[in-house]
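Asks: Coordinates only, no sequence provided:
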């Protein structure tokens, strides 16, 4: 795939993801209007929409063509956004700006910032649950719109069970055995101020960063009907992508240009924060990013379907300069 073609398709896919996310925004009304405003303010703060992109593209790669992935794409972005809203709170990173504008807690107050994050997390599951309505509607359409049972004497349960499994992956990868677990280890490591082992650092990267990427690709594969072996393959692929992404982030904090990045560099060193670069060294960190990205692309190349765009997306993400 040529660079121009990739960039055009990336814009198209990003615009599609943005439209899907906006279509699931909660209406800002009622006595709870303020928290709904804070939720939408945070969701519409911008971003690359990478997790919905990965989910949608994996869904297509395995032959998915319906709308069942759309509620999950929106839900994934809500979960990612809630984690950022809570990260910004005074009790966590105490950040007043994100993506060039004031953070949710700074605009709406600390208490409302907590509630906005809570609301996004809970509303994410409300949104994902709408996939059940889609598969039931698809089932009725296959039966000619009659609503009558199929030849086996009942509704087709395969779609319902598939959505249920996707929900289980979403819950696990976003929870204490996924992203929250990684956040916990990261917060404790910073509070204690002790040296971080390579094992702990990899645990943080795997859970805090890679888990939602894993969920995105796995859910896309599950909803498209991929085999168990294929689902596990995309899980491994996304693990490599997530870890390499975070290592590259650590590298850019040392080597990046603040003009390109849109933020100051060297903050990890100033805050005496242990990173992959401080533990493994710059040269080894660069080599590990290359190794992990090569392995991720090799895993993809062994899977069915068209994945040239997804391969380019992975390489762009991992080897980014900003």
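Replies: Arrived safely. A quick note: this is a predicted structure, and the numbers were derived from the prediction, not measured. Numbering: from 1, shown residues only.
Asks: wait, isn't residue 178 in contact with residue 210?
Replies: No - contact criterion CB atoms under 8 Å: residue 178 and residue 210 do not qualify, at 9.1 Å. Where you see a C-beta, it was placed from the backbone N, CA and C, and this is true even at glycine.
Asks: Which other helices and strands does the one helix or strand residue 166 maps to contact?
Replies: Assigned by DSSP states H and E, residue 166 belongs to helix 158-174. With contacts defined as 3 or more CB pairs under 8 Å, 6 or more residues apart in numbering; DSSP states H and E, helix 158-174 has these neighbours: helix 69-87, helix 110-128, helix 131-142, helix 211-223.
Asks: quick one, the third one and helix 211-223 angle?
Replies: It stands for helix 131-142. With axes from the mean of the first three to the mean of the last three CA atoms, to 10 degrees as the basis, helix 131-142 and helix 211-223 are set at 20 degrees to each other.
Asks: on that earlier part again, go through the helices and strands packed on helix 158-174 and pick out the most buried.
Replies: helix 211-223 (a mean of 28; mean count of other CB atoms under 10 Å).
Asks: domain parsing for the chain?
Replies: The chain breaks down by automatic domain parsing into domains covering 1-49+63-142, 171-322.
Asks: Residue 213 contacts residue 243, doesn't it?
Replies: No - look at residue 213 against residue 243 with CB under 8 Å: they stay out of range, at 9.6 Å.
Asks: follow-up on the earlier one: looking at the helices and strands packed on helix 158-174, which is closest to residue 186?
Replies: Closest to residue 186 of the helices and strands packed on helix 158-174, according to CB to CB: helix 69-87, at 10.0 Å.
Asks: I'd like the mean pLDDT over the next helix-or-strand element following the closest one, please.
Replies: Per DSSP H and E, helix 69-87 leads on to strand 97-98 as the next helix or strand towards the C-terminus. Over the span of strand 97-98, the pLDDT mean works out to 92.
Asks: ok, strand 97-98: who's next to it in the sheet?
Replies: strand 101-102 (antiparallel) (DSSP bridges).
Asks: Check what contacts the partner strand and list those residues.
Replies: 45, 96 (CB atoms under 8 Å, 6 or more residues apart in numbering).
Asks: how far is that strand from where the chain is centred?
Replies: 22 Å (CA atoms, centre = their mean, to the nearest Å).
Asks: Repeat that for stretch 232-248.
Replies: Worked out by CA atoms, centre = their mean, stretch 232-248 lies 12 Å from the chain centre.
Asks: What are the contacting residues of that stretch?
Replies: Applying CB under 8 Å, 6+ apart, the set of residues contacting stretch 232-248 from outside is 54, 58, 202, 205-206, 208-214, 216-218, 220-221, 226, 276-277, 285, 288-289, 292-293, 295-296, 299-300, 302-303, 314, 317-320.
Asks: Out of these, which end up buried?
Replies: 54, 58, 202, 205-206, 208-214, 216-218, 220-221, 226, 276-277, 285, 288-289, 292-293, 295-296, 299-300, 303, 314, 317-318 (16 or more other CB atoms under 10 Å).
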